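[1] I'll drop the sequence and a predicted model, then ask my questions.
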Amino acid sequence: MNKRILYLLLGISINSCHASLDILNEELLFAHLTRQVQTAFLMLEDDMPHYAWTSHFKKMCHDIRNNNDMLPCTTILCAINESLHALALEDHVLPIDIKSILQEYKEELTTNDADINNLEFKSHKAKKICKLCTEFLTVTNTLKVNGSVIINAPNTRALATALTVNGPEIINGTLNINGSLMLNGAPLTGTAGATGATGATGATGATGATGPAGTFSAAYGQLSIASQTVAPTTSWSVVPFTSAGPSSNMEVSTTSPATITVLQSGTYQLNLNIYFQSEYPAGESIYTPTSYLLGISMNNGVSVTPVTAVYTGETNEYFAFNYSTIMELSAYDTMQFYIEAATNPGFINRLILQSGNAYLIQISS
């Protein structure tokens, strides 16, 4: 099927449409549709719904129903030819002589009587123009909107270039070109509006990169014992540590009572080991079996807490205090170490302290 047959089936006489277009003055681009012509087009569409109207015809009728009475001449002329062809094919009785109305308007259109420039003399006035094809827009004198000068010739090409990007929009009588309000050829600027409401909180962002590993400077300190002899009774007596160190972030002193002072808070482990030998009392040959307690006093307190004990049943035997614990300490906490006999023998035994140490180390902050 060739294009000529296809247009005929759609109800468009392409020869008559193009022939009429050829005689249009090239300066005649838009024309005003009289109320009578508008009614004729709409009546045809309503009363002949089964006719295969083209999409251009239907779109034009849609624009008319939206009160648009200024349309391109080519659109109007093709619609007239399509309407006359439909009337010729169908014997349809209509309340008005549509054929005569359209033929008369077609004559006006092809002789420039419907030109926009002649609207003033015909007392017609366009209600609004919803689509303005600026590619073919020519302004011979001055373009105005609601009496305000928008642009003067010969600067119409700049206007056409601007309008073809996003298209014009009339806002409260002012032409909006590409987002800029124009009045008398210059952009309109006003004071900034109030700040809008804060938007909704956005989604949580991605997890950031892991930072560098932190450093932990542990604290530690040690008290040690050299060989010496003690004679504990049923009252607490200090453990005579003889040397201090090594230490870090901690104060260690052998001044009686020997003391360890913590300088930073954290979790600490205490290891306490004292090795000794039981012995007869001085000048006596009688040894009384007994138990000995090892205790700790915190923060120079008057009370001592027993933490471990050893039973010494024989003389000249070797024994040991062994104690280990984990504790929470605060900065500037102190601790001292004591020894005591569980019972008071008739003759006080002696203990030879051979070696030992109290070692405190921080294991976490």
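    Noted; the coordinates are in hand.
[2] Sketch out the low-pLDDT regions of the protein for me.
    Low-confidence segments of the chain (pLDDT under 70): 1-29, 92, 112-191, 214-216, 345-346.
[3] How is it divided into domains?
    Listed by automatic domain parsing, the domain ranges of the chain are 1-130, 132-187, 220-364.
[4] Need the distance between the two termini of the last one.
    Right, domain 220-364. 12 Å (C-alpha to C-alpha, to the nearest Å).
[5] Same check on stretch 229-249?
    Length of stretch 229-249, first residue to last, C-alpha to C-alpha: 32 Å.
[6] what helices or strands is the one helix or strand residue 101 maps to leaning on?
    Assigned by DSSP states H and E, residue 101 falls within helix 98-110. The elements that helix 98-110 packs onto, with contact taken as 3 or more C-beta pairs under 8 Å, 6 or more residues apart in numbering; DSSP states H and E, are helix 35-47, helix 73-89. C-beta coordinates here come from the backbone N, C-alpha and C atoms, glycine included.
[7] okay, those helices, which one's buried deepest?
    Counting by mean count of other C-beta atoms under 10 Å, helix 73-89 has the highest mean neighbour count of these, with a mean of 20.
[8] the inter-axis angle of that one versus helix 35-47?
    Here helix 73-89 points in a direction 50 degrees away from that of helix 35-47 (axes from the mean of the first three to the mean of the last three C-alpha atoms, to 10 degrees).
[9] same for helix 73-89, what does it pack against?
    The helices and strands touching helix 73-89, judged by 3+ C-beta pairs under 8 Å, 6+ apart, are helix 14-22, strand 30-32, helix 35-47, helix 55-65, helix 98-110.
[10] Contacts only, for residue 100.
    Residues counted as contacts of residue 100 (C-beta atoms under 8 Å, 6 or more residues apart in numbering): none.
[11] Could I get the full set of strands for the stretch 201-350 of the chain?
    Along the stretch 201-350 of the chain, the segments classed as strands by DSSP state E, counting those that start in this stretch run 220-225, 228-230, 237-238, 243-244, 250-253, 259-262, 266-279, 290-298, 305-312, 318-329, 334-341, 350-364.
[12] neighbouring contacts of the fifth one?
    Same thing as strand 250-253. Residues outside strand 250-253 that contact it (C-beta under 8 Å, 6+ apart): 219-223, 244-245, 259-263, 360.
[13] What of the third one?
    Counting by C-beta under 8 Å, 6+ apart, strand 237-238 makes contact with 230, 256, 257, 258, 336, 337, 338, 339, 340, all of which sit outside it.
[14] PyMOL command for the buried members of those?
    Of these, the buried ones can be selected in PyMOL as follows, counting by 16 or more other C-beta atoms under 10 Å:
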select buried, resi 257+258+336+337+338+339+340
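[15] got TSV for the helices and strands packed on helix 73-89, with distance to residue 205 too?
    Output for the helices and strands packed on helix 73-89, formatted as TSV (distance: least, C-beta to C-beta, whole Å):
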stretch	distance to residue 205
helix 14-22	61
strand 30-32	55
helix 35-47	57
helix 55-65	48
helix 98-110	64
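[16] closest one to residue 356 among these?
    helix 55-65 (105.5 Å; C-beta to C-beta).
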